[in-house]
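Participant: Structure, please.
(2 chains)
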Number of protein chains: 2
Amino acid sequence: MKTADVVVVGGSAAGVTAAITARRHYPGKSVLLVRKETQVLIPCGIPYICGTVGSPDKNLIPDGVLEKEQVELLVAEATAIDRERKRLITTSGEVGYDRLIVATGSHPVTPLIPGVEMDGVFTILKDVDYLRRMQVLLKTARDIVVVGGGFIGIEFADEIRKTGEKTITIVEIAPHCLSLSYDEEFCVEAEQVLQSNGIRILNATKVAGFVGDGHVTGVKLSNGETLKADVVILGTGSKASAELGKAAGLRIGATGAIDVDRTMRTSDKHIFACGDCAEKVSFFGGGHSTLKLASIATLEARIAGANIFGITRENPGTVGVWSTALGDFALGTAGLTETMAKACGYDAVAATVEGPNRHPAGMPGGAKTKVKLVFESNSCVLLGGQVRGNAVAGEIINTISACVQKRMTADDIATFQMGTHPALTASPIAYPLVNAAELAINKMRFSSPAC
Amino acid sequence: MKTADVVVVGGSAAGVTAAITARRHYPGKSVLLVRKETQVLIPCGIPYICGTVGSPDKNLIPDGVLEKEQVELLVAEATAIDRERKRLITTSGEVGYDRLIVATGSHPVTPLIPGVEMDGVFTILKDVDYLRRMQVLLKTARDIVVVGGGFIGIEFADEIRKTGEKTITIVEIAPHCLSLSYDEEFCVEAEQVLQSNGIRILNATKVAGFVGDGHVTGVKLSNGETLKADVVILGTGSKASAELGKAAGLRIGATGAIDVDRTMRTSDKHIFACGDCAEKVSFFGGGHSTLKLASIATLEARIAGANIFGITRENPGTVGVWSTALGDFALGTAGLTETMAKACGYDAVAATVEGPNRHPAGMPGGAKTKVKLVFESNSCVLLGGQVRGNAVAGEIINTISACVQKRMTADDIATFQMGTHPALTASPIAYPLVNAAELAINKMRFSSPAC
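Facilitator: Residues are numbered from 1 along each chain as shown, chains lettered A, B, ... in the order given. Alright, predicted model coming up:
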């Protein structure tokens, strides 16, 4: 029988990172990673297999990272956990563990819409063969309907349009695409980019059913219209894959994921969980969070992996940091949007500034950068920020994330010590984070004496 | 006689920002900015007037920012401060003030080298006409020698080579260019870029004198060699322009700049100073700092401007954050380099990682990013970081700066909540800040039980 000091179930972002972290923190312990996939897709890269990257095979997490850290790999499906005997039961036999880390991820939610089972209707399964087949169908497809205008939906739509003459329609149930991720003004900008790329967007629209004879040929909308469709892509959310943990009697949390404490330990003190399969609480107020992102998964994995033989790290709760790209147009959020903050019950004050990201503005590579910061008006603490710009927005949002994580106040950010350079950043006189903070201070001063 | 509630002397980064900040924080107060220049150059953009930007006239701080914030402008030279009568004496008459902010900047140091007074030898004066004349001479010059391989020197050299067939040599007294700004391995990389662009670098080399007959024709080195030179550019440091303050009897600090406390107040409680003309202390240990950067100037200006009628902000000391660009190659530093940290007396531990800034690595716009973090080994607190990458390095260094400013530990950074995206950033499994922190933890664990 195989045994290892630490056994990790799951080979995506959380599993790989947990295994590596365990090895780094406990170099004397053996680590074995069990996964069912022969090849593991980079989850956030999946939309790009259709266009920019060209194939699922070019979007894989290289196994070299496991080898380099001396993590043993077993490709087999885990079917059960025998907690009493501390064994993971797999399709390749039992594996003994001292500590187990469950990182079984999530799976797409298939909406209960008539006809959803038809051929040509795809969810975004993290499976190389499944996506390869989808790609084959997409190549010859003329009419494509994407259901759900979240990250995955809009990125798929924008990538598919790069592959040739297609009619692409996004059907979104909410008033705007991306409305769970950005404030409305940012959503509208993203929609304009998609539309200028020739993609049709139907917001506030429900899908009533899929039509076809075995293979999908159309999408019936609740407004009576029917869209032609050779392929349908469902980007309608995902759900924790908690079955393995649940069947083993691990406590399940309020959102249906495996319950963990701040150290990422489950109700069994020898078993940890991390990533999409684990319950999350928000950094803001500690309520339940259903955010699922590879970057959250790796954070949790770094906590779990470090804690397995002695607690050294605690999870302060999920801040929520993400970015979206459509060619040269990029958006990012860290923490709460204004909409989220108000929905959470915060007395939120927002300030938005926009300016060139070079100085002088004529320097090459320049683009206008828009930054919106959201503060709690009594404490003046930063609750979140959003950025719109070119590719550099993906790192500006991480500076904002640092400010959120350390609960910086508007004054802290107004006196932020940033580096600036004509060819790389905005001017120090008008650095957008700083200017947005100053603007917010001005607004707050008239509503709150604390600032 | 002109009067204003707040009078600011100096129209560059510090002066403009102090004036704007004063207006924003005290909307009921009048602010007047006095400067001697008709047009003000963007200081960090000066090297680019020769190449990318093309002319000093395209590298100006627009006066629109003053108008927009209702800051009155007086173009006149300030010649004295009458502190008793609270008046600034200028070439256009006296100006009464309630509060005065001195932001008189710095001026280049001219080294005492025989022949330095000759025509064709230029310092980097922040003066449009002077630089226009330099640009005219550079156009027809064949042989150019840059003395000093700091920021200004190398950026000038790299810009001039874009303007045509020239022989360009950098003469640097230290063992490497940029050695006051980056650790040696980063300096070497920058030198390689310069050399591959055809620029000759003579490190560890002193200039003995300039030869010529009125106009410079050559540079005599201490090793006996003489370089041909039609134009010489001196990038050999700068000195605080503290004369106005000194003559008025303001206390002068140990480095020769105007002494200020943490609120940016001078020895006269009605007078504040900020920017290159003001004394600075380091964020690390509080010793004297002679760093002079536009981004430091604007930080100090935001403190001074906010404090003039009631203290609300204090300067925690200069972190020191900067970046350098040579085409697509960019470097950045926040806080202490390993060399600086050891020189300061810290028991410093450094960790360096390198990896692609896209995932999968084949995504467009990708480049390898190298990140080096330096920690104090007992407390595990971050002392500084350096980045090498493409243009995005200019913002990654600001995330590191946030971590330094909030004195994050290696563990804080290892569990940093960053956003990642295939088209914008490194993979969440291998995000460089996080990986460098994990590597440092591993190193420190064997030397310090505190981590």
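
Participant: Residues of the stretch 251-400 of chain A that sit close to chain B?
Facilitator: A:283, A:293-299, A:302-303, A:306, A:312-313, A:315, A:318-319, A:321-325, A:330, A:332-334, A:359-360, A:362-365, A:391-399 (CB under 8 Å from any CB of the partner chain). Heads up, the C-betas are built off the backbone N, CA and C, glycines and all.

Participant: tell me the domain boundaries of chain A?
Facilitator: A:2-107+A:239-307, A:110-236, A:321-445 (automatic domain parsing).

Participant: now those as JSON lines including mean neighbour count and mean pLDDT?
Facilitator: Below are the domains of chain A laid out as JSON lines (neighbours: other CB atoms under 10 Å in any protein chain shown; pLDDT from 0 to 100):
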{"stretch": "domain A:2-107+A:239-307", "mean neighbour count": "21", "mean pLDDT": "97"}
{"stretch": "domain A:110-236", "mean neighbour count": "18", "mean pLDDT": "97"}
{"stretch": "domain A:321-445", "mean neighbour count": "23", "mean pLDDT": "96"}
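
Participant: want to throw those domains into JSON lines with distance to B:E159?
Facilitator: Shown next, in JSON lines, are these (distance: least, CB to CB, whole Å):
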{"stretch": "domain A:2-107+A:239-307", "distance to B:E159": "33"}
{"stretch": "domain A:110-236", "distance to B:E159": "34"}
{"stretch": "domain A:321-445", "distance to B:E159": "10"}
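
Participant: List the single closest residue to the most centrally placed residue in chain A in space, sequence neighbours excluded.
Facilitator: For chain A, A:L293 is the residue whose C-alpha lies nearest the centre (CA atoms, centre = their mean; 2.8 Å). The shortest distance from A:L293 to any residue other than its chain neighbours is 5.9 Å, reached at A:W322 (CB to CB, 6 or more residues apart in numbering or on different chains).

Participant: name the element the one you found belongs to?
Facilitator: Here A:W322 sits within strand A:321-326, counting by DSSP states H and E.

Participant: got the CA positions of that strand in PDB?
Facilitator: What follows is strand A:321-326, C-alpha atoms only, in PDB (Å, rounded to 0.1, in the frame of the first residue of the first chain):
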ATOM      1  CA  VAL A 321      -9.300  40.300  -6.100                       C
ATOM      2  CA  TRP A 322      -9.700  39.600  -9.900                       C
ATOM      3  CA  SER A 323      -9.100  41.000 -13.300                       C
ATOM      4  CA  THR A 324     -10.600  40.700 -16.700                       C
ATOM      5  CA  ALA A 325      -9.000  41.300 -20.100                       C
ATOM      6  CA  LEU A 326     -10.500  42.000 -23.600                       C
END
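
Participant: Which strands or helices does it pack on?
Facilitator: helix A:151-160, helix A:184-196, strand A:329-335, helix A:393-405 (3 or more CB pairs under 8 Å, 6 or more residues apart in numbering or on different chains; DSSP states H and E).

Participant: what angle do the second one and strand A:329-335 make?
Facilitator: Here helix A:184-196 points in a direction 150 degrees away from that of strand A:329-335 (axes from the mean of the first three to the mean of the last three CA atoms, to 10 degrees).

Participant: who touches the helix or strand just after helix A:184-196?
Facilitator: Next along the chain after helix A:184-196, taking DSSP H and E as the criterion, comes strand A:200-202. With CB atoms under 8 Å, 6 or more residues apart in numbering or on different chains as the contact definition, strand A:200-202 has outside contacts at A:G149, A:T167, A:I168, A:T169, A:I170, A:V171, A:E172, A:C177, A:E191, A:L194, A:Q195, A:L221.

Participant: and if we set it to 7 Å?
Facilitator: With contact meaning CB atoms under 7 Å, 6 or more residues apart in numbering or on different chains, strand A:200-202 is reached by A:G149, A:I168, A:T169, A:I170, A:V171, A:E172, A:C177, A:E191, A:L194, A:Q195.

Participant: residues from the stretch 1-150 of chain A in reach of chain B?
Facilitator: A:13, A:16-17, A:24, A:42, A:44-45, A:48, A:52-53, A:58-59, A:65 (CB under 7 Å from any CB of the partner chain).

Participant: Can I get those residues in JSON lines including secondary structure?
Facilitator: Output for the residues of the stretch 1-150 of chain A next to chain B, formatted as JSON lines (DSSP: H, G, I helix; E, B strand; the rest coil):
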{"residue": "A:A13", "secondary structure": "helix"}
{"residue": "A:V16", "secondary structure": "helix"}
{"residue": "A:T17", "secondary structure": "helix"}
{"residue": "A:R24", "secondary structure": "helix"}
{"residue": "A:I42", "secondary structure": "coil"}
{"residue": "A:C44", "secondary structure": "helix"}
{"residue": "A:G45", "secondary structure": "helix"}
{"residue": "A:Y48", "secondary structure": "helix"}
{"residue": "A:T52", "secondary structure": "coil"}
{"residue": "A:V53", "secondary structure": "coil"}
{"residue": "A:K58", "secondary structure": "helix"}
{"residue": "A:N59", "secondary structure": "coil"}
{"residue": "A:V65", "secondary structure": "helix"}
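
Participant: Report the two of the residues you listed separated the most.
Facilitator: Distance extremes for those: the farthest pair is A:R24 and A:T52 at 32.3 Å, using CB to CB.

Participant: all helices of the stretch 351-451 of chain A, in order?
Facilitator: A:393-405, A:410-414, A:432-445 (DSSP state H, counting those that start in this stretch).

Participant: now for the ones you listed, which one comes closest to A:Y182?
Facilitator: Among the helices of the stretch 351-451 of chain A, the nearest to A:Y182 by CB to CB is helix A:393-405 (11.3 Å).

Participant: With just CA atoms, put that closest one into CSV.
Facilitator: Listed next in CSV are the C-alpha coordinates belonging to helix A:393-405 (Å, rounded to 0.1, in the frame of the first residue of the first chain):
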residue,chain,number,x,y,z
ALA,A,393,-4.4,47.3,-14.6
GLY,A,394,-3.8,43.7,-13.6
GLU,A,395,-1.0,44.7,-11.3
ILE,A,396,-2.4,48.1,-10.2
ILE,A,397,-5.3,46.1,-8.7
ASN,A,398,-2.8,44.2,-6.6
THR,A,399,-1.4,47.4,-5.1
ILE,A,400,-5.0,48.3,-4.2
SER,A,401,-5.4,44.8,-2.7
ALA,A,402,-2.4,45.4,-0.5
CYS,A,403,-4.0,48.6,0.7
VAL,A,404,-7.3,46.8,1.4
GLN,A,405,-5.6,43.9,3.2
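
Participant: Need the residues that contact that helix.
Facilitator: Contacts for helix A:393-405 (CB under 7 Å, 6+ apart): A:319, A:321, A:323, A:330-335, A:369, A:382, A:384-385, A:387, A:389, A:413, A:433, B:392, B:395-396, B:398-399, B:402-403, B:417-419, B:421, B:424-425.

Participant: That helix vs helix B:393-405, what angle?
Facilitator: Relative orientation of helix A:393-405 versus helix B:393-405 (the same axes, to 10 degrees): 10 degrees.

Participant: How about A:V109, nearest residue that isn't a chain neighbour?
Facilitator: With CB to CB, 6+ apart, the residue lying closest to A:V109 is A:G237, at 4.6 Å.

Participant: for A:G153, same thing?
Facilitator: Closest residue to A:G153 apart from its sequence neighbours, by CB to CB, 6+ apart: A:G235 at 3.4 Å.

Participant: next one: A:T420
Facilitator: Nearest one to A:T420, counting by CB to CB, 6+ apart, is A:P428 at 4.4 Å.

Participant: quick one: the one you found and B:E300 touch, right?
Facilitator: No. With contact defined as CB atoms under 7 Å, A:P428 does not reach B:E300; the gap is 10.9 Å.

Participant: Give me the contacts around stretch A:214-227.
Facilitator: Looking at what lies outside stretch A:214-227 - CB under 7 Å, 6+ apart - the contacts are A:118-121, A:145, A:169, A:171, A:205-212, A:228-229, A:232.
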